[in-house]
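Engineer: Output the structure for:
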Amino acid sequence: MVKRHSKPVKRHKTEPDGRHAPLPPPIKIAKEHLNLYKTLRMARLALDPLSLATFWVAEDASIVYVNRAACRSLGYSRRELLALKIMDIDPDFSRRRWTRHWNSGKLSRARLIETMHRTKDGRVFPVEVAISAFSVGGRQYHCDFVKDITDRRQTEAEQDKARRALDDKVRERTAELHATIQALRKAAAYRKRIERALRDHQHQLRSLVSELAVAEGQERQRIATGIHDDISQMLAAAKLKTGQLGKRMTTRSPSRKLVNDLERILNQVLDSSRSLTFDLASPVLHRIGLEAALDDLCDRMRMISTVEFAFVSDRKAKPAGTAIQELVFQSVKELMRNVINHAQAKQAKVSLTRRNNALRVVVSDDGIGFDESSLKGFRPTGGFGLDTIRERIHYLGGHFSIRPVSPHGSSVILTVPLSSQRSEPV
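Structural biologist: The predicted structure is shown next:
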């Protein structure tokens with residue numbers, strides 16, 4: 001029996017248009033380049049299954065090898081791609097540019113670039129190309145691994161759009177913040193102007209209060225001096241003449257009783273004039289000073305009331321101005337009258353001390369105490385009143401407070417600066 005040998009039949013592949021074509025050679029190269037042919041035949045086994053489009057390119061930009069992924073990405077058959085050059089599928093590369101880049105060595109070493117590829121139907125899409133240089137038979141070639149980056153470019157475009165929108169929003173918010181900062185700066189500047197004007201106004205008020213206190217003290221002193229030098233002297237002279245007249249009368253004279261009554265009335269008027277003189281202006285205050293005047297005031301109040309007043313001082317130097325001394329003296333006198341008339345106290349104390357650059361006066365008693373709000377606006381015996389004392393002390397930069405004393409009584413605390421600066425509560 002004779003064996004028949006049959007030659008293997010080559011199967012035809014289907015072109016993209018559906019026609020069958022004979023199996024094309026894997027490379028487009030002369031027969032004498034056998035080494036390259038063997039290299040390509042071995043590489044085809046490894047590169048054809050890859051999902052990345054793979055191109056081998058010669059120095060003249062001709063394509064010498066493509067894998068199946070390259071054919072799918074561009075829509076060409078292998079035969080059609082092997083008949084093309086890089087300039088035919090990459091619109092960004094002209095022949096001159098290719099030659100310039102190849103000669104400069106930029107494309108003859110491994111690198112990663114982004115460019116564009118054009119399909120058979122003319123669609124252009126972005127790609128990322130990893131280029132590796134190699135040589136076979138003394139000739140240079142490029143192995144290009146091509147990745148479609150359309151999705152990445154789209155994502156980058158969306159990110160860039162979002163980044164631009166964010167930048168716009170940041171610029172908008174920055175502008176708003178800048179406008180807010182400018183408005184706050186203007187408001188702060190306006191507030192500083194208002195505060196400066198308020199400080200100037202307060203300074204003017206303190207100056208006016210000080211001038212008023214000085215003027216009031218001077219007027220009190222003038223009136224007191226007038227009463228003492230004129231009215232009191234005339235009353236004393238009238239009392240003397242009345243006494244002389246009474247001595248000339250007999251005890252049985254019908255006018256004797258009338259003269260005695262007149263002498264008694266003159267004594268009362270003279271005592272009232274002396275008391276009025278003291279109420280208007282303390283001679284001790286103007287001649288010696290505040291400390292001696294308060295000590296003398298306690299003695300006088302002790303004589304005209306049942307309250308046992310005591311004066312305590314730290315004996316430190318207290319170089320206060322005339323206005324401050326007058327205000328403190330009149331305020332303490334009014335507070336002592338309040339103790340006599342309303343506190344039902346048995347004992348009271350006036351203390352005068354110096355704390356830093358301020359005078360601190362405390363009028364305390366063991367009476368029934370009182371609520372500060374209940375005496376708001378109260379003006380006993382035609383004097384200052386608590387509201388007036390508080391306002392004048394405040395205008396001079398001082399502080400006024402009322403505190404309860406355990407178990408009974410209360411303390412009124414006055415703090416007044418020795419200089420024109422404001423003092424803190426002590």
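Engineer: which residues are contacting the longest strand anywhere in the chain?
Structural biologist: For the chain, the strand with the greatest residue count under DSSP state E is strand 124-136. Outside strand 124-136, the residues within contact range by C-beta atoms under 8 Å, 6 or more residues apart in numbering are 33, 35-36, 39, 91, 107-119, 140-150, 152-153. In this view, the C-beta of every residue, glycine as well, is placed from N, C-alpha and C.
Engineer: before we move on, what about stretch 306-315?
Structural biologist: With C-beta under 8 Å, 6+ apart as the test, stretch 306-315 has contacts from 291, 294-295, 297-299, 301-302, 336, 339-340, 343, 345-354, 365.
Engineer: One more pass at 6 Å, please.
Structural biologist: With contact meaning C-beta atoms under 6 Å, 6 or more residues apart in numbering, stretch 306-315 is reached by 291, 294-295, 298, 301-302, 340, 345, 347-353.
Engineer: Mind picking the one among those residues that's closest to residue 158?
Structural biologist: Set against residue 158, the nearest of the contacts of stretch 306-315 by C-beta to C-beta is residue 353 (78.8 Å).
Engineer: And the nearest residue to the closest one once chain neighbours are set aside, how close does it get to residue 295?
Structural biologist: Nearest in space to residue 353, with sequence neighbours left out and distances taken as C-beta to C-beta, 6 or more residues apart in numbering, is residue 314 at 4.5 Å. Separation of residue 314 from residue 295 (C-beta to C-beta, to the nearest Å): 13 Å.
Engineer: In CSV, could you pull the C-alpha coordinates for stretch 330-350?
Structural biologist: C-alpha atoms of stretch 330-350 as CSV (Å, rounded to 0.1, in the frame of the first residue of the first chain):
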residue,chain,number,x,y,z
GLN,A,330,-18.6,116.7,100.2
SER,A,331,-19.4,113.1,99.3
VAL,A,332,-18.2,111.7,102.6
LYS,A,333,-20.2,114.4,104.5
GLU,A,334,-23.3,113.4,102.6
LEU,A,335,-22.8,109.7,103.3
MET,A,336,-22.3,110.5,107.0
ARG,A,337,-25.5,112.4,107.1
ASN,A,338,-27.2,109.4,105.4
VAL,A,339,-25.9,107.2,108.2
ILE,A,340,-27.2,109.6,110.9
ASN,A,341,-30.7,110.0,109.3
HIS,A,342,-31.4,106.5,107.9
ALA,A,343,-29.0,103.8,109.0
GLN,A,344,-30.1,103.6,112.7
ALA,A,345,-26.4,102.9,113.5
LYS,A,346,-24.6,103.2,116.7
GLN,A,347,-21.1,103.2,115.4
ALA,A,348,-19.6,104.3,112.0
LYS,A,349,-16.1,104.6,110.6
VAL,A,350,-14.5,106.6,107.9
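Engineer: Name the residues of it that come out as buried.
Structural biologist: 330-340, 343, 345, 348-350 (16 or more other C-beta atoms under 10 Å).
Engineer: Taking these together, which two end up most distant?
Structural biologist: 330 and 345 (20.7 Å).
Engineer: biggest helix in this structure by residues?
Structural biologist: helix 150-226 (DSSP state H).
Engineer: Report the mean per-residue pLDDT for that one.
Structural biologist: For helix 150-226, the mean pLDDT works out to 85.
Engineer: So what's the residue count around the closest residue to residue 256 other than its chain neighbours?
Structural biologist: If the residues on either side of it in the chain are set aside, residue 256 comes closest to residue 249, at 4.9 Å by C-beta to C-beta, 6+ apart. Applying other C-beta atoms under 10 Å, we find 15 residues neighbouring residue 249.
Engineer: Residue 249 contacts residue 258, doesn't it?
Structural biologist: No. Using C-beta atoms under 6 Å, residue 249 makes no contact with residue 258, being 9.7 Å away.
Engineer: Walk me through the domains of this protein.
Structural biologist: 18-148, 285-426 (automatic domain parsing).
Engineer: Please identify the most buried of those.
Structural biologist: Among the domains of the chain, domain 285-426 has the highest mean neighbour count (mean count of other C-beta atoms under 10 Å), at a mean of 17.
Engineer: partners of the one helix or strand residue 351 maps to, with directions?
Structural biologist: If you go by DSSP states H and E, residue 351 is part of strand 347-355. Using DSSP bridges, strand 347-355 pairs in its sheet with strand 308-313 (parallel), strand 358-365 (antiparallel).
Engineer: Mind giving me the packing neighbours of the helix or strand that the longest strand of the chain is followed by?
Structural biologist: Counting by DSSP H and E, the next helix or strand C-terminal to strand 124-136 is strand 139-148. If you count contacts as 3 or more C-beta pairs under 6 Å, 6 or more residues apart in numbering; DSSP states H and E, strand 139-148 packs onto strand 53-58, strand 124-136.
Engineer: could you check the angle strand 139-148 makes with the first one?
Structural biologist: Using axes from the mean of the first three to the mean of the last three C-alpha atoms, to 10 degrees, the interaxial angle of strand 53-58 with respect to strand 139-148 works out to 160 degrees.
Engineer: what inclination does the longest helix of the chain have with respect to strand 124-136?
Structural biologist: Using the same axes, to 10 degrees: helix 150-226 against strand 124-136 is 120 degrees.
Engineer: how distant is stretch 57-65 from the center of its chain?
Structural biologist: The chain centroid and the centroid of stretch 57-65 are separated by 70 Å, computed with C-alpha atoms, centre = their mean, to the nearest Å.
Engineer: List the contacts of stretch 59-75.
Structural biologist: 27, 40, 47-48, 50-58, 78, 81-82, 84-86, 98, 119-120, 140.
Engineer: Can you measure across that stretch, start residue to end residue?
Structural biologist: 24 Å (C-alpha to C-alpha, to the nearest Å).
Engineer: could you give me the average pLDDT of that stretch?
Structural biologist: 92.
Engineer: can you check stretch 93-102 too?
Structural biologist: 83.
Engineer: cool, stretch 287-299 as well?
Structural biologist: Computed over stretch 287-299, the average pLDDT equals 87.
Engineer: before we move on, the earlier item: could you say what helices and strands the longest helix of the chain packs with?
Structural biologist: helix 256-280, helix 322-338, helix 386-395.
Engineer: Out of the ones you listed, which is closest to residue 408?
Structural biologist: helix 322-338 (15.8 Å).
Engineer: For the stretch 301-426 of the chain, give me the ranges with low pLDDT.
Structural biologist: 370-384, 419-426 (pLDDT under 70).
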